[in-house]
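*Asks:* sequence below, structure please.
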Amino acid sequence: MFGRPHLSSPRVRLLAATVLLAGAAGSAGTAGTADAATPTEGTLTDSGSPVTWTGGPFATDNASALVLSPPQCDALLDPCDDFTLHVSTPAGYGTDHALKVSVSWADPSADFDVYVLDAAGDVVGSAASVADPETVSVPPTSGDYTVRVVPYAATGSTYSASASMVATTGGTGGGTGGGTGTGTAGAGPAYDTFAAPASFPDANNAGEPSIGDNWNTGTTTYQSSLSTYAVTWDDTTSPATPHWSDVSANAGNGCPQGSTISLDPILFTDHATGRTFESQLTGVDSFTCYTDDDGATWHPSTGGGIPSGVDHQTLGGGAFSANGVGALPTSSYPNAVYYCSQDIATAFCAVSRDGGTTFGAGVPTYSLLDCDGLHGHVKVAPDGTAYFPNKACGANQAVISSTDNGTTWTVNPVPGTTPSDSDPSVATGANGTLYFGYVDGSGVPGVAVSHDQGKTWTDRQDVGTAFGIKNAVFPTIVAGDDDRAAFAYLGTPTGGNYQDQANFHGEWHLYIDTTYDGGKTWVTSDATPNDPVQVGSICTGGTACGNDRNLLDFIDVTTDDHGRVEVGFADGCINACVTDPQHVGRDAYATIARQAGGKTLDATYDPATTNVTLSSLTVTKQSDGRFSALVELTNTGNRALSGIQAEVLDGRKQVGMTPATTLAPGESRTFTVTWKPSGTRSHTVTAVVDPTNTLVETNETDNKVAQSVLR
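*Replies:* This next block holds a predicted model:
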């Protein structure tokens with residue numbers, strides 16, 4: 001965000017309250033006195049039972065919670081409860097455990113926030129979303145803590161709270177398929193990084209960038225602040241040679257409202273059509289322009305739909321859904337374009353059916369009773385289903401979806417996730433598999449997969465475990481083939497409160513996790529191994545932050561026409577900061593990480609492999625005494641194969657050959673060989689594919705399967 005309040009950190013804050021409480025905003029967030037909980041204190045150990053307490057009832061909202069984080073406390077005007085928690089744990093206990101605080105309440109119209117303060121009064125963890133319960137996970141370091149519960153919406157309600165020790169090894173728990181990622185450090189694809197020319201406007205003012213790629217021309221487009229850059233790539237060199245151009249929209253190239261003012265920038269490129277949109281938030285709607293020639297010329301748009309949100313807009317697009325009204329375009333442009341934004345108490349999405357020139361009315365997608373105000377970027381699946389994610393919908397993060405071209409929207413929680421400060425991200429594979437990338441409330445990055453438009457979820461797991469990632473921000477995900485996706489984020493192996501500007505000294509890198517099996521397993525790459533993206537705290541708490549909010553709120557990821565992954569990010573540690581042992585510096589330099597090696601998200605461009613596998617052998621005894629062997633052959637390479645046969649042996653005697661067959665990549669065929677056994681009662685039957693070693697294969701060890709059977 002640029003030069004405005006972050007209306008949603010830690011939750012949506014009413015604009016009027018900023019004015020009403022302007023005087024209070026200048027005072028310390030912990031000023032005043034708090035009421036005592038019941039009981040007033042408790043002790044939690046590594047082997048003891050959870051500690052519980054209650055508080056309230058509260059008749060008055062804490063008004064300072066609208067603008068301060070943490071809020072101030074005053075028994076009359078700004079009520080809150082304090083509970084003293086004594087923690088005692090052995091050395092090293094925090095490597096696989098966390099201290100979890102949970103606060104819940106009975107009235108669904110109520111809302112409480114929770115803050116954990118150390119002995120010095122500094123906030124080490126907080127939860128201030130719309131979730132019930134609110135949960136906070138912090139390192140279980142021995143010491144005295146204050147758990148402060150704040151009534152954001154009092155309604156005369158009471159609350160119940162607990163503090164417990166929880167194991168962190170094996171994932172965050174809960175949900176379908178929860179578990180620890182299976183990635184291996186350094187096993188993922190390789191990446192090169194490319195910085196924008198220093199002469200470009202906003203080259204070092206590139207917080208929360210967007211990135212897109214025109215598959216028709218191979219041009220990558222990067223946007224932040226008021227600037228749009230186009231990059232073409234010469235892949236005949238290694239590393240590739242980038243050619244950067246400043247193509248920002250303006251009156252001279254066709255769009256007078258382009259690059260004039262911005263409260264938020266966003267960019268979207270439709271891979272298939274090559275049309276790129278750049279949008280600048282105005283606080284009422286947006287100034288939006290689009291280009292069909294990679295920024296050489298731009299065309300004006302009405303900006304978005306009315307009503308429109310005042311904050312955090314996003315653009316996306318793709319095929320129309322066959323369901324619902326408005327399933328056809330009204331111009332020669334074939335695809336739908338979505339503009340979504342939040343408006344304090346709800347979020348609106350509007351659809352354009354004429355290629356983004358004009359937009360229909362904004363449709364409410366949810367209210368604050370359903371989800372937090374802010375949401376992530378909108379994406380459209382090949383079947384026309386539109387999705388955008390939200391970091392706090394009740395007790396979970398969620399995906400909001402529309403299967404009828406934006407007419408109606410459904411909230412789909414992702415079980416096992418907990419609300420977070422970072423917007424999650426969604427992506428769809430070529431056949432509609434939905435990938436969800438997020439940072440959990442504990443700060444750990446994770447992924448989940450859905451095969452039914454977000455109704456149910458599988459393979460939810462932590463990622464980055466190979467590098468010991470304990471804190472992450474700015475998750476963003478992209479998919480290619482249906483079973484391939486890449487998940488990028490800024491991460492650090494340093495635990496603790498990553499927003500503690502005075503005491504957090506972690507080193508952040510850009511990490512990218514990749515799956516080639518539909519999200520069952522992931523491999524992790526450090527895309528910036530020799531150059532930290534930031535050292536020290538990264539604030540995700542809005543305009544209450546200090547100078548550690550230089551990176552703002554998100555990064556972005558896309559693919560080119562070969563499935564190479566490209567990540568647009570702002571580099572917060574450049575020049576002397578990289579080599580200085582203290583890593584002093586707070587920049588935001590426009591940078592692209594581009595895949596340089598390894599399999600991409602498009603199997604068409606995988607290195608040629610030849611491999612046939614004897615997938616299975618099943619031997620049965622028939623009623624007439626004969627043996628029957630069912631043999632399955634699979635082409636596990638990416639080249640078509642012909643003349644493939646398997647030999648069946650009973651002991652050392654060949655008893656049959658399967659007929660010669662052709663196998664496309666990934667194709668399996670089964671054959672049956674039958675014979676009359678003789679000799680001993682016990683037989684060893686073996687099937688061997690490519691028995692004469694005609695093929696030179698990637699793996700020669702998967703050609704044989706044996707089974708014992710009695711005659």
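*Asks:* report the central residue of this structure.
*Replies:* Central residue of the chain (C-alpha atoms, centre = their mean): residue 437, 2.5 Å from the mean position.
*Asks:* and the residue nearest to that residue when sequence neighbours are not counted, helix, strand or coil?
*Replies:* Leaving aside its sequence neighbours, residue 437 sits nearest to residue 477 (C-beta to C-beta, 6 or more residues apart in numbering; 3.5 Å). C-beta coordinates here come from the backbone N, C-alpha and C atoms, glycine included. At residue 477 the chain is in strand, as set by DSSP: H, G, I helix; E, B strand; the rest coil.
*Asks:* list the contacts of residue 477.
*Replies:* 425-427, 435-437, 447, 485-488, 557 (C-beta atoms under 8 Å, 6 or more residues apart in numbering).
*Asks:* how close does it get to residue 447?
*Replies:* Using C-beta to C-beta, to the nearest Å, residue 477 is found at 7 Å from residue 447.
*Asks:* hey, what's in contact with both of those two?
*Replies:* Joint contacts of residue 477 and residue 447 (C-beta under 8 Å, 6+ apart) are 435-437, 485, 487.
*Asks:* out of the residues you listed, which end up buried?
*Replies:* Buried members of the shared contacts of residue 477 and residue 447, counted by 16 or more other C-beta atoms under 10 Å: 435-437, 485, 487.
*Asks:* hang on, residue 222 is in a strand, isn't it?
*Replies:* Yes. Read with three-state DSSP, residue 222 is one of the residues of a strand.
*Asks:* what's the local residue count around it?
*Replies:* Neighbours of residue 222 under the rule other C-beta atoms under 10 Å: 27.
*Asks:* also residue 694?
*Replies:* Residues near residue 694, counting by other C-beta under 10 Å: 10.
*Asks:* just say helix, strand or coil for the nearest residue to it once chain neighbours are set aside.
*Replies:* Leaving aside its sequence neighbours, residue 694 sits nearest to residue 643 (C-beta to C-beta, 6+ apart; 7.6 Å). For residue 643, the assignment made with three-state DSSP gives strand.
*Asks:* residue 660 is in contact with residue 643, correct?
*Replies:* Yes. Here residue 643 reaches residue 660: they are 4.8 Å apart, a contact under C-beta atoms under 8 Å.
*Asks:* give the buried residues for stretch 528-543.
*Replies:* Counting neighbours by 16+ other C-beta under 10 Å, one finds that the buried residues in stretch 528-543 are 528, 531-543.
*Asks:* mean confidence score for it?
*Replies:* Here stretch 528-543 scores 90 as its mean pLDDT.
*Asks:* cool, stretch 446-459 as well?
*Replies:* Mean pLDDT, computed over stretch 446-459, is 97.
*Asks:* list the buried residues for it?
*Replies:* So for stretch 446-459, counting by 16+ other C-beta under 10 Å, buried means 446-451, 453-454, 457-459.
*Asks:* list just the nearest of the residues you listed to residue 472.
*Replies:* If you rank the buried residues of stretch 446-459 by distance to residue 472 using C-beta to C-beta, residue 446 comes first, at 9.0 Å.
*Asks:* circling back to that earlier point, could you pull up phi and psi at the residue nearest to the centre of the chain?
*Replies:* phi -110, psi 130 (degrees, to the nearest 10).
*Asks:* OK, contacts around it?
*Replies:* Contacts of residue 437 by C-beta under 8 Å, 6+ apart are 424-427, 445-447, 475-477, 487, 489.
*Asks:* same question for residue 59.
*Replies:* 154, 156.
*Asks:* next one: it from residue 74, what distance?
*Replies:* 14 Å.
*Asks:* what's the answer for residue 413, then?
*Replies:* Distance, residue 413 to residue 74, by C-beta to C-beta: 36 Å.
*Asks:* domain ranges for this structure?
*Replies:* For the chain, the structural domains run 15-167, 202-301, 612-710, going by automatic domain parsing.
*Asks:* deepest-packed of these, please.
*Replies:* Neighbour counts (mean count of other C-beta atoms under 10 Å) averaged over each of these peak at domain 202-301, with a mean of 21.
*Asks:* ends of it, what's the gap?
*Replies:* Chord length of domain 202-301, first to last residue, is 24 Å (C-alpha to C-alpha, to the nearest Å).
*Asks:* what of stretch 285-298?
*Replies:* 19 Å.
*Asks:* quick one: mean pLDDT for it?
*Replies:* Averaged across stretch 285-298, the pLDDT comes to 96.
*Asks:* for my notes, confirm residue 94 occurs in a strand.
*Replies:* No. Residue 94 is assigned helix when assessed by three-state DSSP, not a strand.
*Asks:* I'd assumed residue 140 was in contact with it.
*Replies:* Yes. Using C-beta under 8 Å, residue 94 is in contact with residue 140, at 5.3 Å.
*Asks:* circling back to that earlier point, and the residue nearest to the centre of the chain, how far from residue 337?
*Replies:* Residue 437 is 23 Å from residue 337, by C-beta to C-beta.
*Asks:* please apply the same query to residue 653.
*Replies:* From residue 653 across to residue 337, the span is 68 Å (C-beta to C-beta).
*Asks:* what does residue 412 give?
*Replies:* Residue 412 is 23 Å from residue 337, by C-beta to C-beta.
*Asks:* kindly report the same for residue 235.
*Replies:* 30 Å.
*Asks:* repeat for residue 589
*Replies:* 30 Å.
*Asks:* repeat for residue 356
*Replies:* Remark: distance between residue 356 and residue 337 (C-beta to C-beta) = 4 Å.
*Asks:* what's the overlap in contacts for those two?
*Replies:* Joint contacts of residue 356 and residue 337 (C-beta under 8 Å, 6+ apart) are 277, 315, 317.
*Asks:* what packs against the helix or strand containing the first one?
*Replies:* Applying DSSP states H and E as the criterion places residue 277 in strand 276-281. Helices and strands touching strand 276-281, by 3 or more C-beta pairs under 8 Å, 6 or more residues apart in numbering; DSSP states H and E, are strand 265-269, strand 286-291, strand 311-318, strand 336-342.
*Asks:* one more time with 6 Å
*Replies:* Of the remaining helices and strands, those touching strand 276-281 by 3 or more C-beta pairs under 6 Å, 6 or more residues apart in numbering; DSSP states H and E are strand 265-269, strand 286-291, strand 311-318.
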